[in-house]
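> Quick one: sequence and predicted model below, then my questions.
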Amino acid sequence: MLPLPQLLSFAVIGLMMAAFLWGRLRYDLVAALALLAALAVGVVPLDKAFTGFSDDIVIIVGSALLVSAGVARSGIMEFALRRYLPDFSSVRVQLALLVVTVAVLSAFVKNIGALAIMIPIAFQFARRSGTSPSTFLMPMAFASLLGGLMTQIGTSPNVVVSRVRQDITGTPFTMFDFTPVGVILAVSGCIFLILFYWILPQRTRQDSALHEALDIKNYVAEAKVVEESAVAGKTVADLLKIARGDALVKSIIRSNSLRLTPFPDLLLRVGDRLLIEGDHEALDRLVAQAKLSLGRDNTMAAGDGAETIAIEAVVGENSSLIGWSAANLLLYDRFNVNLLAVSRQNERFDQKLGTITLRFGDVVVLQGSEASLPRFLRDFGLLPLAERSLLLGSARRGIVPVMILMVAMGATALGVLPVPIAFFAAAVGMVMFRVIPIREVYAAMDGPILVMLAALIPVSDSLRSTGATDVIASMLAEIAASLPGYGALALILVVAMAVTPFLNNAATVLVMAPIAAGFAASLGFQPEAFLMAVAIGAGCDFLTPIGHQCNTLVMGPGGYRFSDYPRLGLPLSFLVIVIAVPALMLVWPLS
């Protein structure tokens, strides 16, 4: 009979897993309830309740989410995608490119860094193919775990197991000792993900339904071709290639009076004003990548250190803007507000933006100071739409966010800084260089994900603190004594996979590696294959969003449920087990 604390620890974790799979409560609430239950029954001491909030994993995930949002906001990935990658529209081909790239990068840099830099590209691919980002994000997370198996620096379990081997045998694993088996597993796993990604249900973020309801497709904006524009001297067709069919040019105004029909072969000149139509994301992409000037000035001064923002609003029934145009009202000169775009139901505009007479019900995009724009909306009877990310007319920092991420990844790869410090510094750099407006920082970090992690860390640690892991180890020793070599090796691998969600992957290696070495000694085998099995099992948690920070990183952006992970992860786990055991015995003979 197990002692009461161990039974209570197993009970709390079992009920928590059942609640996650039930899916009726949001994951952060389930985690908070599990923490309260663990405190109530005494398996988590009261003074340890909130230790999870200072854990490295919470810092890494929060910082990585912010850094990834900064890279996405910069538009640099859209530019690279358009310039250097073919125009793939097949979901499977897009997925193959993402999965393989993440896996290869993860072999040489920390897998969470490789994943963070590729997430913005996944969103661009999803937009291009008209599919949900959830199609790509979880397979990419799993590919980052598989890629990390290929080298010593690819993932933390490999580093830790190398040190454990040195303590046991006097010789550590080297950089590429992991490569033969790691490459086999990575290639096999990536093929599986590319062929069977459809097992995963398509999800959307919980807040996306409101955004879809507000999705306005027929904004009309006015943009100017300036000397720095990438399309100056090029044709309308060249400009439309950037739009990829999501926006179109309605009219071209030259010399303030000459109105031209936008034929595809018409050459664009500096000073041309273009009337373009599309949703705000398409307009933003077109303006940013073609380097057009939007409104009076793409980077208008806000003054007093306040940030410049863009906001969508509806012209109310009693608005004093009704019957006026921006030009007649001298909107910019009198109020320092730019009219960036206008949308009117069932009507298309072909006149200059500033001359459009506004009506009740028009939806407008306005740019101005964060401090003064809300007052302008109130004074003029404009009703702001629900807050959402709106990049149209915002400043870009170009290569800066990518450089920040590269410096952070280089610092971790060279051992200059630990991962939490490097990514925390990168997140601070994103804010300092104003890559992400301060008002969007905490939304980018996805609070529910961080709360879930912080609450679950002490709950999961209760298995160790109550001695439940020792019980599991002794049971394994009894079972393994009667198994052949390949059976014992498979058992170690399976248990390492099962334990990782409740300990972090490095802790799993520290707990399981001595047990694995003891198995090997008692059975008369060499320890290397068993130690490698522990590293592989600890590095391959495909069943939960909490066992590895890469899985956690994609949960919010992908809109995944807890139960989605085993749908794709369980067959992938079986594949890893089936392939890893004979591969380990071939590369690292048991005797």
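Nice, thanks for sending it over. Numbers count the residues shown, from 1 in each chain.

> which residues of the stretch 201-350 of the chain fall in helices?
Per DSSP state H, counting those that start in this stretch, the stretch 201-350 of the chain carries helices over the ranges 208-213, 236-243, 280-290, 326-329, 331-335.

> Rebuild those helices as a markdown table, extending it with mean pLDDT and distance to residue 111.
From N, CA and C alone the C-beta is placed, and that goes for glycine too. Converted to a markdown table, those look like this (pLDDT from 0 to 100; distance: least, CB to CB, whole Å):
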| stretch | mean pLDDT | distance to residue 111 |
| --- | --- | --- |
| helix 208-213 | 46 | 27 |
| helix 236-243 | 82 | 33 |
| helix 280-290 | 77 | 29 |
| helix 326-329 | 86 | 50 |
| helix 331-335 | 84 | 48 |
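
> any chance of the ones you listed in a markdown table, plus mean neighbour count?
Shown next, in a markdown table, are the helices of the stretch 201-350 of the chain (neighbours: other CB atoms under 10 Å):
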| stretch | mean neighbour count |
| --- | --- |
| helix 208-213 | 12 |
| helix 236-243 | 18 |
| helix 280-290 | 24 |
| helix 326-329 | 17 |
| helix 331-335 | 15 |
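
> Lowest mean pLDDT among the helices and strands, pick that one out for the chain.
The helix or strand of the chain with the poorest confidence is helix 208-213; it has a mean of 46 (mean pLDDT, DSSP states H and E).

> Tell me which of the helices of the stretch 201-350 of the chain sits nearest to residue 445.
For the helices of the stretch 201-350 of the chain, the distance to residue 445 is smallest for helix 208-213, at 18.1 Å, taking CB to CB.

> May I ask you to name the longest helix in this structure?
For the chain, the longest helix by residue count, based on DSSP state H, is helix 564-587.

> Let me know the average pLDDT across that one.
Average pLDDT, helix 564-587: 94.

> re earlier: which one, of the helices of the stretch 201-350 of the chain, ends up nearest to residue 364?
Closest to residue 364 of these is helix 326-329 (CB to CB; 9.1 Å).

> Contacts made by the closest one with the rest, please.
Applying CB atoms under 8 Å, 6 or more residues apart in numbering, the contact partners of helix 326-329 are 321, 332, 339, 352, 353, 354, 355, 356.

> quick one, whichever strand or helix holds residue 141 and helix 564-587 angle?
Counting by DSSP states H and E, the element that carries residue 141 is helix 134-148. If you take axes from the mean of the first three to the mean of the last three CA atoms, to 10 degrees, helix 134-148 sits at 30 degrees to helix 564-587.

> mind checking how far helix 134-148 is from the chain centre?
In terms of CA atoms, centre = their mean, to the nearest Å, the centre of helix 134-148 is found 11 Å from the chain centre.

> same question, stretch 268-281
31 Å.

> Just the CA coordinates for that stretch, please, in PDB.
Written as PDB, here are the backbone C-alpha positions of stretch 268-281 (Å, rounded to 0.1, in the frame of the first residue of the first chain):
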ATOM      1  CA  LEU A 268       4.400  53.800 -61.800                       C
ATOM      2  CA  ARG A 269       6.200  57.100 -61.200                       C
ATOM      3  CA  VAL A 270       7.400  58.900 -58.100                       C
ATOM      4  CA  GLY A 271       4.500  61.100 -56.900                       C
ATOM      5  CA  ASP A 272       1.700  58.800 -58.100                       C
ATOM      6  CA  ARG A 273      -1.100  58.300 -55.700                       C
ATOM      7  CA  LEU A 274      -2.700  54.900 -55.700                       C
ATOM      8  CA  LEU A 275      -6.200  54.100 -54.500                       C
ATOM      9  CA  ILE A 276      -6.000  50.500 -53.300                       C
ATOM     10  CA  GLU A 277      -8.700  48.200 -51.900                       C
ATOM     11  CA  GLY A 278      -8.600  45.200 -49.700                       C
ATOM     12  CA  ASP A 279      -8.700  44.200 -46.000                       C
ATOM     13  CA  HIS A 280      -6.400  46.000 -43.600                       C
ATOM     14  CA  GLU A 281      -3.900  43.100 -43.500                       C
END
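
> Run a quick neighbour tally on the residue nearest to residue 547 when sequence neighbours are not counted.
Leaving aside its chain neighbours, residue 547 sits nearest to residue 541 (3.0 Å; criterion: CB to CB, 6 or more residues apart in numbering). Residue 541 has 27 neighbouring residues, counting by other CB atoms under 10 Å.

> residues in contact with residue 541?
Contact analysis of residue 541 by CB under 8 Å, 6+ apart lists 145, 497, 500, 501, 505, 547, 548, 551, 569.

> Validate this expectation: it resides in a strand.
No - the assignment for residue 541, made by DSSP: H, G, I helix; E, B strand; the rest coil, is coil rather than a strand.

> residue boundaries of the strands in the stretch 101-250 of the chain?
In the stretch 101-250 of the chain, the strands defined using DSSP state E, counting those that start in this stretch lie at 219-224, 247-254.
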